[in-house]
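S.K.: next input, structure requested:
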Amino acid sequence: MQGDAREQRKRMVDQQIRSRGVRDSRVLEVMARVPRERFVPETDRALAFRDGPLSIGNGQTISQPYIVAYMTEMLELLGGERVLEIGTGSGYQAAVLAEMCREVYTVERIPELARRARNLLEKEMGYTNIHFCCGDGRSGWPQAAPFDRILATAAPAALPPAWVEQLGDSGILVAPVGVGYQRIVRLRRQPEGVLQEDLIAVSFVPCV
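M.R.: All right, here's what the predicted structure looks like:
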C-alpha cells in the first residue's frame, strides 16, 4: 500500500499540479511526500488522490490537491516563516505548510475536527512545529501575532480585519473570499500599505 500510495501521489503531482502551472520545486516535492491518504476518512482512501475535494465530515472538506499546491505556492515560502492557518480541517494543509516553514499556527472552530487533526499530526505523524487552537478563525490568533504568512481554507464574505491586522511587515495573506462567486485574493503588506491581487475563481466552504 505504501509503495502504491507513493506512486499515486507522484501521478497526482504530475497530472494535476505540475501540468496546471505550479512550478515551485519545494511545493511539488512536499505534495509528493505528504501522505494525503492519511487525511481522508478510511472509507474514502481509494479516492484520496482524485482531482477534487472530499468530505471529511461536519460539513467540511479536504481541498482539491491542485488548490492546496496553488495556494501554498502563492505564499512564496522561503523556510523561516511563522504561518497562521485559518481552518485546520483534516490537517492536510497544515502538514504541507509545516514541511515548508518554521512554525504553523492553525485554528479550527469545530472541536471534533480540531482533536482529530491534532492527534494525527502530533501523535501519529510526529510534527513538532504545529500549534493548535480551537476557536473562531475570524479572530485569527492575536496572542501569537504578527505572522509572516496567513492562509485561509474557508471563505469569508469579506476579509476579516483581524487577519489583515495580524499580518506582519512584508507579509503575505492568501484566502478565498466571497459568497456565491468566490475568488482567491493575495494581500502583501508593503511600506506604502497593503496591496491586494485577485487570483483564480474557487469554491470553498464558508468561513462562519
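
S.K.: where in the chain is pLDDT low?
M.R.: Applying pLDDT under 70 to the chain flags residues 1-3.

S.K.: helix or strand: which one has the residue positioned nearest the centre of it?
M.R.: The centre of the chain sits closest to Gln93, judged by Cα atoms, centre = their mean, with a distance of 3.6 Å. Using DSSP states H and E, Gln93 maps to helix 92-98.

S.K.: try Val174
M.R.: Going by DSSP H and E, Val174 is in strand 167-177.

S.K.: list the buried ones in that strand?
M.R.: Neighbour-count burial for strand 167-177, with 16 or more other Cβ atoms under 10 Å as criterion, is recorded at 167, 171-177. In this view, the C-beta of every residue, glycine as well, is placed from N, C-alpha and C.

S.K.: again with stretch 195-208
M.R.: For stretch 195-208, by 16+ other Cβ under 10 Å, it's 202, 204-205, 207.

S.K.: in this structure, which spans are strands?
M.R.: Listed in chain order, the strands of the chain (DSSP state E) span 54-57, 60-62, 82-86, 103-108, 130-134, 147-152, 167-177, 182-190, 193-202.

S.K.: to Phe39, which of these lies closest?
M.R.: Closest approach to Phe39 among the strands of the chain is made by strand 60-62 (5.8 Å; Cβ to Cβ).

S.K.: how about TSV for the buried residues of stretch 195-208, with distance to Leu120 added?
M.R.: Converted to TSV, the buried residues of stretch 195-208 look like this (distance: Cβ to Cβ, whole Å):
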residue	distance to Leu120
Val202	25
Phe204	22
Val205	20
Cys207	22
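
S.K.: those residues: which two are farthest apart?
M.R.: Within those, Val202 and Cys207 form the most distant pair, 12.8 Å apart (Cβ to Cβ).

S.K.: what's the overlap in contacts for these two?
M.R.: Ala155 (Cβ atoms under 8 Å, 6 or more residues apart in numbering).

S.K.: tell me how far Gly193 lies from Asp169.
M.R.: Separation of Gly193 from Asp169 (Cβ to Cβ, to the nearest Å) stands at 12 Å.

S.K.: same question but for Leu77, I mixed them up
M.R.: Taking Cβ to Cβ, one finds Leu77 at 16 Å from Asp169.

S.K.: and Ile62, by the same measure?
M.R.: Taken as Cβ to Cβ, the span from Ile62 to Asp169 is 32 Å.

S.K.: what do you get for Lys10?
M.R.: Taking Cβ to Cβ, one finds Lys10 at 38 Å from Asp169.

S.K.: Ala32 too?
M.R.: 33 Å.

S.K.: what of Arg9?
M.R.: Distance from Arg9 to Asp169, by Cβ to Cβ: 36 Å.

S.K.: what's the answer for Pro142, then?
M.R.: 17 Å.

S.K.: swap in Ala162?
M.R.: Applying Cβ to Cβ to Ala162 and Asp169 gives a distance of 17 Å.
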